[in-house]
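Student: Here's a sequence, model it:
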Amino acid sequence: MNAENQHPHTREAFYRRDRRSVRLAREFTHDALADWAVAERGDDVLLCVSELATNALLHGVPPGRGFGLRLVLDGDGVLRLELHDSGPGTVRVPDPSPESEHGRGLLLVSALADKWGVGERNPGKFVWCEFEVRGS
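Tutor: Alright, predicted model coming up:
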């Protein structure tokens, strides 16, 4: 393992339950990508931030709480994005049918990210996705 792998770039932020938080999370992510000189796949990453932050606000953040955003860029060029919330419930598997009123955000995340998934935390959960942003 090289020294860069041992010291990944990490940024974290917390947002209140407010619709402006989606925009703020995108701006935070945009600034981190710029600081890390990550130009590849930036639009995909920003769209996933928007979708996951919106889902957190709509489904995972109880009144009076917020959500956390964590970005990690490792030395191998993998960007990991995590949205942490404290709400109950599970993440629904995306339903691609045109009649579905929900799930399109995660459908976009699954199409744009190289990997994605859900983890447990106490309280709540986190949804993560990863992007290869540099050649391996």
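Student: can you count the residues close to residue 50?
Tutor: Residue 50: 17 surrounding residues under other CB atoms under 10 Å. (Glycine included, C-beta is placed from N, CA and C.)
Student: Could you do residue 81 as well?
Tutor: Counted with other CB under 10 Å, the neighbours of residue 81 add up to 24.
Student: helix or strand right after the one helix or strand residue 80 maps to?
Tutor: Counting by DSSP states H and E, the element that carries residue 80 is strand 78-85. Scanning forward in sequence from strand 78-85 by DSSP H and E, the next helix or strand is helix 104-112.
Student: Kindly export that following helix (C-alpha atoms) in CSV.
Tutor: The C-alpha coordinates for helix 104-112 follow below in CSV (Å, rounded to 0.1, in the frame of the first residue of the first chain):
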residue,chain,number,x,y,z
ARG,A,104,-36.1,6.9,-9.7
GLY,A,105,-33.4,8.7,-7.7
LEU,A,106,-31.8,5.4,-6.7
LEU,A,107,-32.3,4.1,-10.2
LEU,A,108,-30.1,7.0,-11.4
VAL,A,109,-27.5,6.3,-8.7
SER,A,110,-27.3,2.7,-9.7
ALA,A,111,-26.9,3.7,-13.3
LEU,A,112,-24.2,6.4,-12.8
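Student: Return the distance of that helix from the chain's centre.
Tutor: 11 Å (CA atoms, centre = their mean, to the nearest Å).
Student: cool, and stretch 129-136?
Tutor: The chain centroid and the centroid of stretch 129-136 are separated by 14 Å under CA atoms, centre = their mean.
Student: which outside residues touch it?
Tutor: Residues outside stretch 129-136 that contact it (CB atoms under 8 Å, 6 or more residues apart in numbering): 38, 40-41, 44-45, 48, 52, 73, 76-81, 109, 112-117.
Student: 7 Å instead?
Tutor: 38, 40-41, 44-45, 48, 76-81, 109, 113-116 (CB atoms under 7 Å, 6 or more residues apart in numbering).
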